[in-house]
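>>> Sequence and computational prediction follow.
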Amino acid sequence: MKVLCISSHSGCLANLEGLLSTKGYQTKSFYTYEKIPYTMNEAQMESVWESYCNEWNTYDLIITGDSMNMAYLLLKHIGQLKPKLIVWIMNRFDYSTQHLLNYKDFLNGILNNSSLEKKVKLVPYTEYERIYAAERGVYLKEPVLLPFGLKKNSPDIPKYMDDDVSCMTAGPEDTVFLMHYGNDHAFMPFQNIFKTSGISVKCGQFKDIDEIKDYKCVVHLPDAFSKFCAFEFLINDIPIFLPTEEFFQQLNPQSRVLPNGTFEKYCFTVVGNICPKSFVPLCEWYKYPHSKVYFNSLEDLIIKLKEFTKEKRTNLLLQMHKDAEYHKNLVKLTFDKLITDLFF
């Protein structure tokens with residue numbers, strides 16, 4: 001089978017290629033970043049279609065992720081599109097589509113058209129996507145397709161920050177890696193907290209998961225229901241420290257005062273920016289709990305980091321291997337069902 005993956009998100013493409021590599025498909029990725037506008041009007045969509053339709057029609061299957069404008073473009077031309085289409089819905093089904101007239105009615109027309117059941121699948125990336133869409137009158141029928149976690153051929157992405165090693169006082173095996181997400185450095189000054197507690201820490205951006213495999217662990221405050229890295233850490237033997245659900249709920253609505261008098265708020269990508277308590281279990285950071293280390297306060301985090309010996313790390317990795325195999329099989333089975341429904 002010849003498959004084209006289209007996305008403006010490099011992690012999405014790398015995960016899809018990792019999954020498809022287990023199937024032996026002939027796969028190509030189209031990284032739309034800086035090639036196609038993330039938000040397009042109707043005229044721009046027609047121009048993009050004219051530019052690429054001949055190439056796209058040489059494939060058996062196209063999978064879109066991240067940009068719903070690209071999905072809308074293909075769905076608009078579904079009668080002319082030869083390959084089957086999987087729309088992998090992440091970051092909300094209506095993200096960056098507010099300028100499109102009758103968008104919701106258009107999607108419902110696709111979903112309720114029985115003649116397209118063997119042509120198109122709109123697939124949620126996490127269960128929250130289904131809930132969000134249903135609240136707005138769009139009902140997604142397909143099972144959740146979680147990120148695979150095994151990356152392959154990641155597109156080159158721009159490096160938007162330099163690594164901060166100012167608080168790195170030991171080798172990687174004794175150093176906490178901190179991702180450059182808002183909650184981990186803007187809301188919570190982890191570097192200063194760790195430095196004061198005598199814990200070595202490095203803050204940075206990584207293009208490839210191998211860059212952080214040698215670090216002791218990663219500490220993270222969730223900012224979304226799902227992240228590709230949530231599963232990449234599991235698959236690649238990288239321990240992750242996270243707030244318990246209870247502590248997450250305490251942090252979730254908070255903000256802190258900065259020296260200039262402004263407030264840095266905790267960021268979580270839901271309407272209103274505060275995750276309802278009943279939705280917390282849908283957050284992928286709370287899947288496979290035995291493969292994570294959870295802390296219920298900053299004091300508890302410091303204690304657990306200091307007590308995270310090489311022996312404890314090794315034992316945690318054994319559990320992670322079990323959960324990783326279960327997860328990979330679950331994702332492959334879900335994807336196989338989608339392919340069976342489309343092609344057989």
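Arrived safely, thanks for sending.

>>> Walking through this structure, point out its helices one by one.
Secondary structure of the chain (DSSP state H): helices at 10-21, 42-56, 68-76, 103-111, 127-135, 182, 190-196, 228-235, 245-251, 298-306, 310-343.

>>> what's the last one packed up against?
So that's helix 310-343. With contacts taken as 3 or more CB pairs under 8 Å, 6 or more residues apart in numbering; DSSP states H and E, helix 310-343 sits against helix 10-21, strand 84-89, strand 120-124, helix 228-235. All C-beta spots, glycine's among them, are computed from the backbone N, C-alpha and C.

>>> go with 6 Å
helix 228-235 (3 or more CB pairs under 6 Å, 6 or more residues apart in numbering; DSSP states H and E).

>>> hmm, back to that, including mean neighbour count, could the helices of the chain go into TSV?
TSV is the format used below for those (neighbours: other CB atoms under 10 Å):
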stretch	mean neighbour count
helix 10-21	24
helix 42-56	14
helix 68-76	23
helix 103-111	16
helix 127-135	18
helix 182	14
helix 190-196	17
helix 228-235	23
helix 245-251	16
helix 298-306	16
helix 310-343	15
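
>>> do you know which of those lies nearest Tyr288?
helix 310-343 (4.2 Å; CB to CB).

>>> Run the chain-centre distance for the closest one.
A distance of 16 Å separates the centroid of the chain from that of helix 310-343, by CA atoms, centre = their mean, to the nearest Å.

>>> That one relative to helix 10-21, how many degrees between them?
If you take axes from the mean of the first three to the mean of the last three CA atoms, to 10 degrees, helix 310-343 sits at 70 degrees to helix 10-21.

>>> Show me which helix or strand of this protein is least confident by mean pLDDT.
Scoring the helices and strands of the chain by mean pLDDT, DSSP states H and E places helix 182 at the bottom, with a mean of 80.

>>> Now do the same contact list for the residue lying closest to Tyr215 once chain neighbours are set aside.
Taking CB to CB, 6 or more residues apart in numbering, and ignoring the residues beside it in sequence, Tyr215 has Phe177 as its nearest neighbour in space, at 4.1 Å. Residues in contact with Phe177 (CB atoms under 6 Å, 6 or more residues apart in numbering) are 202, 212, 215, 218.

>>> which residues of the stretch 51-200 of the chain score low on pLDDT?
Low-confidence segments of the stretch 51-200 of the chain, defined by pLDDT under 70, span residues 153-161.

>>> per-residue pLDDT, the residue nearest the centre of the chain?
Centroid-nearest residue in the chain, with CA atoms, centre = their mean: Lys227, separated by 3.0 Å. Lys227 carries a pLDDT value of 88.

>>> Skipping its backbone neighbours, what lies nearest it in space?
Nearest residue to Lys227, sequence neighbours excluded (CB to CB, 6+ apart): Glu284, at 6.9 Å.

>>> what's the answer for Leu298, then?
Closest residue to Leu298 apart from its sequence neighbours, by CB to CB, 6+ apart: Ile193 at 6.5 Å.

>>> Please tell me how far that neighbour sits from Leu178.
Between Ile193 and Leu178 the distance is 10 Å, computed by CB to CB, to the nearest Å.

>>> same question, Leu116
Taken as CB to CB, the span from Leu116 to Leu178 is 45 Å.

>>> Domains in the chain, by residue range?
As assigned by automatic domain parsing, the chain contains the domains 2-154, 172-308.

>>> gap between the closest residue to Lys141 other than its chain neighbours and Asn15?
Using CB to CB, 6+ apart and skipping residues adjacent in sequence, the residue nearest Lys141 is Leu111, 7.2 Å away. From Leu111 over to Asn15 the distance is 25 Å, taken as CB to CB.

>>> residue contacts, Tyr33?
Ser8.

>>> coming back round to it: between Leu116 and Leu178, which one's more packed in?
Leu178 (22 against 16; other CB atoms under 10 Å).

>>> any idea how far that one is from Ser51?
For Leu178, the distance to Ser51 - CB to CB - is 41 Å.

>>> now do Ala324
To Ser51, Ala324 is 40 Å away according to CB to CB.

>>> And Tyr33, by the same measure?
Counting by CB to CB, the gap from Tyr33 to Ser51 is 16 Å.

>>> was I right about Phe295 contacting Ile302?
No: at 8.5 Å, Phe295 does not count as touching Ile302 under the criterion of CB atoms under 6 Å.

>>> what about Gly145, neighbour count?
One thing to correct before we go on: residue 145 is Leu, not Gly. 25.

>>> sorry, that was for Thr169
For Thr169, using other CB under 10 Å, the count is 15.

>>> if I look at it, how far off is Lys202?
For Thr169 relative to Lys202 (CB to CB), the value is 10 Å.

>>> try Met1
42 Å.

>>> Those two: which has the busier surroundings?
Neighbour count, other CB under 10 Å: between Met1 and Lys202, Lys202 has more, with 20 against 15.

>>> thought that one was touching Met168?
Yes: in this structure, Lys202 is within contact of Met168 by CB under 6 Å, at 4.5 Å.
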